[in-house]
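Chemist: Just a sequence and a predicted model for now, questions to come.
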Amino acid sequence: MRPSGRKLDEMRAVSIETGFTKHAEGSALIKMGDTHVLCTATIEDRVPPFIKGSGLGWVTAEYGMLPRATNTRMRREAASGKQGGRTVEIQRLIGRALRAGVDRSALGERQITVDCDVLQADGGTRCASITGGWIALRLAVNKLMKAGDVVSDPLVDPVAAVSCGIYAGQPVLDLDYPEDSEAGVDGNFIMTGSGKLIEVQMSAEGSTYTRDQMNQLMDLAEKGVGELATIQKSVTP
């Protein structure tokens with residue numbers, strides 16, 4: 001039995017509120033159970049120097065957690081003068097994941113920055129950030145298209161992510177914190193809405209796993225991402 005009482009292949013309740021902030025070109029508050037992440041997208045008429053003049057656009061991301069997103073207060077990274085290694089790794093992952101669903105030529109020479117701020121954490125913050133980040137990106141691109149700034153839709157396939165792992169010897173979908181902290185194996189699966197893999201992060205914590213178990217986790221991930229992609233489509237015009 002899972003601590004939450006969910007079935008092995010059952011996602012946490014997912015809700016998404018679009019247009020959550022006034023000023024961002026795209027914004028969404030995503031709630032996956034008790035993990036809540038605010039995602040905003042900002043359009044800028046510039047690109048990093050390494051692609052300047054190429055005609056290609058760029059999508060990047062930044063990630064952070066509020067001090068009381070967890071059960072004890074974390075020191076703000078700004079107070080220490082630098083980002084932690086975990087933060088840098090996660091925001092690079094988010095950027096890579098979102099770019100996988102973008103036709104950068106169609107986007108044109110502009111940059112969209114997706115900011116993911118964790119308001120409350122209960123496991124799966126990077127997955128929620130990717131899933132909600134795509135919605136913020138979608139809304140920002142819709143504004144570009146409405147204004148006639150882009151000719152064809154640069155977003156070719158939705159991107160979403162979900163965690164899966166082996167808890168109490170059973171493969172489970174969408175781990176919350178009690179499961180994540182006790183799981184013998186856990187991973188993050190980033191996929192497109194059409195079921196193509198972008199990235200898989202798997203690790204064993206004091207345990208090992210078989211090829212058959214890996215296949216079971218992949219099946220769960222496909223189910224979860226499929227459900228998330230359906231939700232994404234339902235909240236974006």
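Modeler: Perfect, I can see it now.
Chemist: Would you mind confirming that Ala162 makes contact with Ala221?
Modeler: Ala isn't right for residue 162; it's Val. Yes - between Val162 and Ala221 there is a contact at 5.7 Å, judged by C-beta atoms under 8 Å. Every residue, glycine included, has its C-beta placed from N, CA and C.
Chemist: looking at the protein, which helix or strand does the model trust least?
Modeler: One helix or strand of the chain scores below all others by mean pLDDT, DSSP states H and E: helix 77-80, with a mean of 89.
Chemist: what about the closest residue to Gly64 other than its chain neighbours, neighbour count?
Modeler: Distances taken as C-beta to C-beta, 6 or more residues apart in numbering put Asp117 closest to Gly64, at 5.5 Å, once the chain neighbours are dropped. Residues within reach of Asp117, counting by other C-beta atoms under 10 Å, total 17.
Chemist: Identify the contacts common to Val162 and Ala221.
Modeler: Here Val162 and Ala221 share the contacting residues 173, 189, scored by C-beta atoms under 8 Å, 6 or more residues apart in numbering.
Chemist: out of these two, which sits in the more crowded spot?
Modeler: Ranked by neighbour count (other C-beta under 10 Å), Val162 and Ala221 place Val162 first, with 29 against 24.
Chemist: what does the least confident helix or strand of the chain rub up against?
Modeler: 64, 83-84, 87.
Chemist: Now do that helix: distance to the chain's middle.
Modeler: Distance, stretch centre to chain centre, for helix 77-80: 24 Å (C-alpha atoms, centre = their mean, to the nearest Å).
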